[in-house]
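1. My questions are about this predicted structure, shown below with the sequence.
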Amino acid sequence: MGTDYILSIESSCDDTSAAVFKNNNIVANVTYNQKVHEKYGGVVPELASRKHHQKILPVVIAALYEAKIDKHHLSAIAVTKGPGLLGSLLVGVSFAKSMAAALDIPIIEVNHMQAHILAHFIEEPYPSFPFLCLTVSGGHTQIVKVNDHLDMEVIGTTIDDAAGEAFDKAGKMLGLPYPAGPHIDKLANQGQNTFRFAKPKVDGHNFSFSGLKTSILYYLKKEIKENPKFIENNLNDLCSSIQSTIVEILIKKLTIASEEYKIQDLAIAGGVSANSGLRKELQKLSESNDWNVFVPEFQYCTDNAGMIGITAYYKFLKKEFSSFDMAPEPRMKF
């Protein structure tokens, strides 16, 4: 095999990222995290796309510099086609198409959700096929049966809100900064699972988190009416209870899927896979259920171009190149 360098670009939401792969080895991964959205309590699409426009060139230059290569060494350019915010995706896709055209090299479109799963193949150990992957992020919650690098089947998904959204909305109720997930995780480690919230009853391997959010909201309203300082006095325990409830919902569905499909190799991916409560519970179950559990490094859990690049590598091997008239697809499916 010769040496092929692939530049990958990720701009689906509020992080601008570029990575360089030398065959299937990552040699650079640079990400610019946007802080402008914190004061708004969520991502503002217009501000996100503007920041991508400002930062994409410096981030790509930094990735090439870190990889110690020139742009003319590149064999292909990969980019997230979707799902994501249309304005953010447009910046990445437009830049990638322009650069690929100027260098006369192929462009590879990547599904962001498939890339989260294939982040497990950036560094060893790798899961064995077939394996189940619980993909949990701010916008998606899915259980995916992975038969091969490019052969995946969604067997369960959320019917309303995602687990990451449940963390963020619950955090907002508690007065925590956005994104609330990491803050809840930190405070949960100092609290106890004291409070009980509603758990959804959903058929099959699907998820639902809207009822949980409503349960938290009404519970807090009732307690605050009796004690205005209820949240302040019980913040750590509230965070622990909320996190434990979300983790329990996720683990229960994954356990059922593992038993039904008789698959012992289980993986988690997406931003919420960085949650320490979820990681600890999986580790416990791996010992009691004889599971082989795979969790990416923290830097590959959240949105990053490394996961786009490893996906592109497997598509590059099969010469699955895209047309230059391809367009972003905000609601892109598997």
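-> Okay, I see it. Numbering: from 1, shown residues only.
2. Mind telling me what element A267 is part of?
-> Here A267 is covered by strand 265-269, with elements defined by DSSP states H and E.
3. Give the pairing partners of that strand; include direction for each.
-> Using DSSP bridges, strand 265-269 pairs in its sheet with strand 131-136 (parallel), strand 292-294 (parallel).
4. most tightly surrounded among those?
-> Ranked by mean neighbour count, the strands paired with strand 265-269 are led by strand 131-136 with a mean of 26 (mean count of other CB atoms under 10 Å). Any C-beta I mention is one placed from the backbone N, CA and C, and that applies to glycine too.
5. pLDDT-wise, which helix or strand of the chain ranks last?
-> helix 276-288 (a mean of 91; mean pLDDT, DSSP states H and E).
6. Mind listing what's buried along that one?
-> G277, L278, R279, E281, L282, L285 (16 or more other CB atoms under 10 Å).
7. Next, format these as CSV and append distance to W291.
-> Formatted as CSV, the buried residues of helix 276-288 follow (distance: CB to CB, whole Å):
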residue, distance to W291
G277, 17
L278, 14
R279, 13
E281, 11
L282, 8
L285, 6
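8. tell me which of those is nearest to T245?
-> Nearest to T245, judged by CB to CB, of the buried residues of helix 276-288 is G277 at 10.2 Å.
9. Measure how the least confident helix or strand of the chain sits relative to strand 131-136, angle-wise.
-> On the basis of axes from the mean of the first three to the mean of the last three CA atoms, to 10 degrees, helix 276-288 is oriented at 160 degrees to strand 131-136.
10. quick one, phi/psi of N29?
-> Main-chain dihedrals, N29, degrees, to the nearest 10: phi -150, psi 100.
11. on that earlier part again, make JSON lines out of the strands paired with strand 265-269 and add mean pLDDT.
-> As requested, those are exported to JSON lines (pLDDT from 0 to 100):
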{"stretch": "strand 131-136", "mean pLDDT": "96"}
{"stretch": "strand 292-294", "mean pLDDT": "95"}
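12. closest to L238 out of those strands?
-> Nearest of the strands paired with strand 265-269 to L238, taken as CB to CB: strand 131-136 at 20.8 Å.
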